[in-house]
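> Return a 3D structure for these sequence lines:
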Amino acid sequence: MTGCFELLLVTYWSIFMSQPMTYAQALNEAKNVIMQQAARIKSDAERMRTQQQTINEQGVRIVERENRIKDQTTALVAQTDEIRTLGQKLDAAVAAHEQAEALIQRQDQRMTSLQENLADLERQIREQSAQVEELRREREELLARLPTQEDIDALAAMTALLARRSAHAAPIAADLRPPMRLAEAA
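As a prediction, this is how the structure comes out:
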């Protein structure tokens, strides 16, 4: 700072020496120059302090941001790992879903086949039930046509009666027959 002041003093001294001045004027002029320089130095020092404070504050902010970036990077790495894990779980779930879909499709085909078989069996049961019912009707009709036990007993009694009677009636019947004639061929 002293070197700067001396250079300034020499510079101003050479300027004022070209014009005649009194010693008091020169001191006043030098005092004014010194005051101006002091004010400039003071303002420069204040500006430097402000800049240093700004630099310090920005340094603190930079450190905070670097720490925040490190934290965010760590969080991002954790999220990336979690996304990778979730992706693997999703792949496994998709594969399981596809297997389940295939199983469901096979079960659906099997169920469709069983339903078709069931429909065929139900149709066969209906046809056989109709045949059984037809056979029952025929049996009932045949049973209705068959003689009852009373009819059988009455027929047996009648047959026995006729047999007894025909044994007696046969000789009589032979006598009652008209004589046979032989016709002559003409």
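
> alpha carbons only for contacts and neighbour counts from here, please
Will do.

> ok, so what distance separates Arg145 from Ala156?
18 Å (Cα to Cα, to the nearest Å).

> Which one's more surrounded, the two?
Comparing Arg145 with Ala156 by neighbour count (other Cα atoms under 10 Å), the higher total belongs to Ala156, at 12 against 9.

> The more buried one and Ser166, how far apart?
Taken as Cα to Cα, the span from Ala156 to Ser166 is 15 Å.

> what's the helix or strand for the spatially most central residue of the chain?
The centroid of the chain falls nearest to His97 when counting by Cα atoms, centre = their mean (7.5 Å). With elements taken from DSSP states H and E, the one containing His97 is helix 23-145.

> what separates that helix from the chain centre, distance-wise?
How far helix 23-145 lies from its chain's middle: 16 Å, per Cα atoms, centre = their mean, to the nearest Å.

> Mean confidence (pLDDT) on that helix, please.
For helix 23-145, mean pLDDT rounds to 92.

> Could you list every helix and strand that that helix packs against?
If contacts are counted by 3 or more Cα pairs under 8 Å, 6 or more residues apart in numbering; DSSP states H and E, helix 23-145 sits against helix 2-17.

> Assign Trp20 to helix, strand or coil.
Careful, residue 20 is Pro and not Trp. coil (DSSP: H, G, I helix; E, B strand; the rest coil).

> Any idea how many residues pack against it?
Neighbours of Pro20 (other Cα under 10 Å): 9.
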